[in-house]
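S.K.: dropping the sequence and predicted coords here.
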Amino acid sequence: MAEDNEIDMSSGSLLQKIIYFSIPLMLSGILQLAYNAADTIVVGRYAGSTALAAVGSTGALINLIVNIFLGFSVGTSVLVAQYFGAKDRENVSEVVHTAIGASFIFGIITSIIGISMARVFLHAMGTPDEVINHSTLYMRIYFAGMPASMVYNFGSSILRAIGDTKRPLIFLSVSGIINVILNLIFVISFKMGVAGVAIATVISQIVSAILVILCLVRSDGSYRLKVCEIKIHKEKLTKMMKIGIPAGLQSSVFSISNVLLQSSVNSLGKLAMAGNTACSNIDGFIYIATNAFYHASLSFTGQNYGAKKYDRIGRVLGICILLATAIGASLGILSYISGEELLSIYSPNDIQVIEYGVRRLRVTGLTYFLCGVMEVIVGSLRGMGVSLIPMLVTIVGICGIRIGWIYTVFPMNRTIEVLYMSYPVSWIVTSAIHLICYIIIKRKIVRESYPEKEVITEKEAITEKEAISKQEVISKQEVSLN
């Protein structure tokens, strides 16, 4: 019997279910941005500029290390969705117990790397001497809580795979509020500076991990977690790695082109840097809205792939692209119209900073929906268990084009508009290649992966049910006549 929070993605209205699935994801992303903003405000106002610089300087490095291991959670989500769609309770259970066990191990490995190498990495990044001690302290405390962070991310990926995006939203809300309150207490009352911010983050991560574990333990579904049965099933871990490693590497390598882009922005001066930072925060809201449909595409494709309903996979892709385009374009137009007002929130007294932000927003804001389209196609490919190809296409299409643009096109006209035109160009080219790969791979899967007689379409499933119902009626009539 299905729980209330589950979504059977292999039957019923796709549009309605995708919207129902995606809204909590959007709200989760917005809440996360809000909590991050609150952290920044507390640190900046009450711990000083050095503390703010210390916390800010660690973000890219933390993401680079963490994303490698978080890629495995993508593998978890895909496998759970596929087995859940196939109604294979035993394999769902094995993936769940493997994922939770692996998440703790990955968390410990990440902690060791982060704690032991923090100062080395920060020094290699050129972190200023007056900041590096604070940055190192923040990173070491932050990475001490990495096992809890990994457990939460893997646990929430399991819930997303079965269609539950509401409870992760609740967990994020609770842990986020705790994080903000503890920040205020540790930074303002106890004067703990960056250490207080890091400790507050670790405690909130532990809370979110406990909540997601309790949720899985108390579940009655096939994804129920039994702590005594947590173990690594080698076959499942191998499949998770096959999908997860490319996803993690893609996220990490992706940051290289962004670092080079930031360097190019830096060459335009501090006003361009400030305007770029403000604009990137606005872009973040558009990305979160469209990224929800990446997760929808992945989970819905995974379940229908497991159920062998390949006709619905194509409809999932079409609906997710349509929704990502509609919402992304609408938010882009809104940001274009209200650009100056939105940017003035970040820098109310500097007209030149706002001008730089508006100039970038006119390029990225209006075209960010293209990123959503690209992500949706990637999600569908991963939902079918294909992860290496999207990684290679993204690295070449996104990183390659942007790096090439920086060294060829940008030097001919060094403006922020020309620099960020590399975004829509790379999105269009990469989306086109992804779509071609999707069409080829889907046809191959339908034609070769399973015998033709096992390929079930929705219409065939309905016809089969009707035939069975008619046969049951005839049998009952024959019994009554006898």
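M.R.: It's in.
S.K.: which strand or helix spans residue 176?
M.R.: In this structure, residue 176 is located in helix 166-183 according to DSSP states H and E.
S.K.: could you give the angle of whichever helix or strand comes after that helix to helix 166-183?
M.R.: Next helix or strand after helix 166-183 toward the C-terminus (DSSP H and E): helix 193-217. Relative orientation of helix 193-217 and helix 166-183, computed by axes from the mean of the first three to the mean of the last three CA atoms, to 10 degrees: 150 degrees.
S.K.: just the buried positions in helix 193-217, please.
M.R.: Neighbour-count burial for helix 193-217, counted by 16 or more other CB atoms under 10 Å, picks out 193-209, 211-213, 215-216. C-beta here means a position set from N, CA and C on the backbone, and glycine is covered the same way.
S.K.: try stretch 101-109
M.R.: 101-104, 106-107.
S.K.: where does residue 219 land in three-state SS?
M.R.: Residue 219 carries the three-state label coil when classified by DSSP: H, G, I helix; E, B strand; the rest coil.
S.K.: start the count at 9 instead of 1 going forward.
M.R.: Let's use 9 as the start, then, which means that last one is residue 227.
S.K.: pLDDT score for it?
M.R.: You'll see residue 227 listed with a pLDDT of 92.
S.K.: could you do residue 442 as well?
M.R.: The model's pLDDT for residue 442 equals 96.
S.K.: find the nearest non-adjacent residue to it, please.
M.R.: residue 385 (4.2 Å; CB to CB, 6 or more residues apart in numbering).
S.K.: how about the contacts made by that neighbour?
M.R.: For residue 385, the contacting residues are 305, 325, 329, 398, 439, 442-443, 446, by CB atoms under 8 Å, 6 or more residues apart in numbering.
S.K.: low-scoring stretches of the stretch 259-408 of the chain, by residue?
M.R.: Applying pLDDT under 70 to the stretch 259-408 of the chain flags residues 263, 354-355.
S.K.: try it again at 90.
M.R.: Scanning the stretch 259-408 of the chain for pLDDT under 90 picks out 259-295, 343-344, 346-366, 368-374, 403, 406-407.
S.K.: and the buried residues of stretch 109-117, which two are furthest apart?
M.R.: 109 and 115 (10.9 Å; CB to CB).
S.K.: which parts of this structure belong to which domain?
M.R.: Per automatic domain parsing, the domain ranges recorded for the chain read 19-240, 251-475.
S.K.: ok so, going back, where's the residue nearest to residue 442, which helix or strand?
M.R.: Using DSSP H and E, residue 385 sits within helix 377-391.
S.K.: ok, then the element right after that helix?
M.R.: As assigned by DSSP H and E, the chain's next helix or strand after helix 377-391 is helix 396-402.
S.K.: now for that following helix, which elements pack on it?
M.R.: helix 242-274, helix 377-391, helix 430-452 (3 or more CB pairs under 8 Å, 6 or more residues apart in numbering; DSSP states H and E).
S.K.: next, count neighbours for the residue nearest to residue 392 when sequence neighbours are not counted.
M.R.: What sits nearest to residue 392 in space, not counting adjacent residues and going by CB to CB, 6+ apart, is residue 313, at 5.2 Å. If you count neighbours by other CB atoms under 10 Å, residue 313 ends up with 26.
S.K.: ok, residue 51 next?
M.R.: With other CB under 10 Å as criterion, residue 51 counts 25.
S.K.: how far does whichever strand or helix holds it sit from its chain's centre?
M.R.: Here residue 51, judged by DSSP H and E, is contained in helix 22-54. Computed by CA atoms, centre = their mean, to the nearest Å, the chain-centroid distance of helix 22-54 equals 12 Å.
S.K.: I'd like the next helix or strand past that helix.
M.R.: Defined by DSSP H and E, the subsequent element after helix 22-54 is helix 57-65.
S.K.: right, and the helix or strand after that following helix?
M.R.: Criterion used, DSSP H and E; the element after helix 57-65 is helix 67-93.
S.K.: who are the packing partners of that following helix?
M.R.: helix 97-132, helix 137-152, helix 154-169, helix 242-274, helix 278-314, helix 377-391.
S.K.: which of the residues in the helix holding residue 184 are buried?
M.R.: Quick answer for helix 174-191 (16+ other CB under 10 Å): 174-177, 179-180, 183-184, 186-188, 190-191.
S.K.: equivalent analysis for stretch 223-235, please.
M.R.: In stretch 223-235, counting by 16+ other CB under 10 Å, buried: 223-224, 227, 229-233.
S.K.: got it, and stretch 42-56?
M.R.: By 16+ other CB under 10 Å, the buried positions in stretch 42-56 come out as 43, 46-47, 50-51, 54-55.
S.K.: contact partners of it?
M.R.: Residues contacting stretch 42-56 (CB under 8 Å, 6+ apart): 59-60, 63-64, 184, 187-188, 191-192, 195-196, 201-202, 204-205, 209, 289.
S.K.: ditto for stretch 201-213
M.R.: Applying CB under 8 Å, 6+ apart, the contact partners of stretch 201-213 are 47, 50-51, 55-56, 59, 62-63, 142-143, 145-146, 149-150, 152-153, 156-157, 160, 183-184, 186-187, 190-191, 193-195, 198, 200.
S.K.: re earlier: and the contacts of residue 385 as a markdown table, adding distance to residue 243?
M.R.: As requested, the contacts of residue 385 are exported to a markdown table (distance: CB to CB, whole Å):
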| residue | distance to residue 243 |
| --- | --- |
| 305 | 26 |
| 325 | 29 |
| 329 | 34 |
| 398 | 23 |
| 439 | 34 |
| 442 | 29 |
| 443 | 32 |
| 446 | 27 |
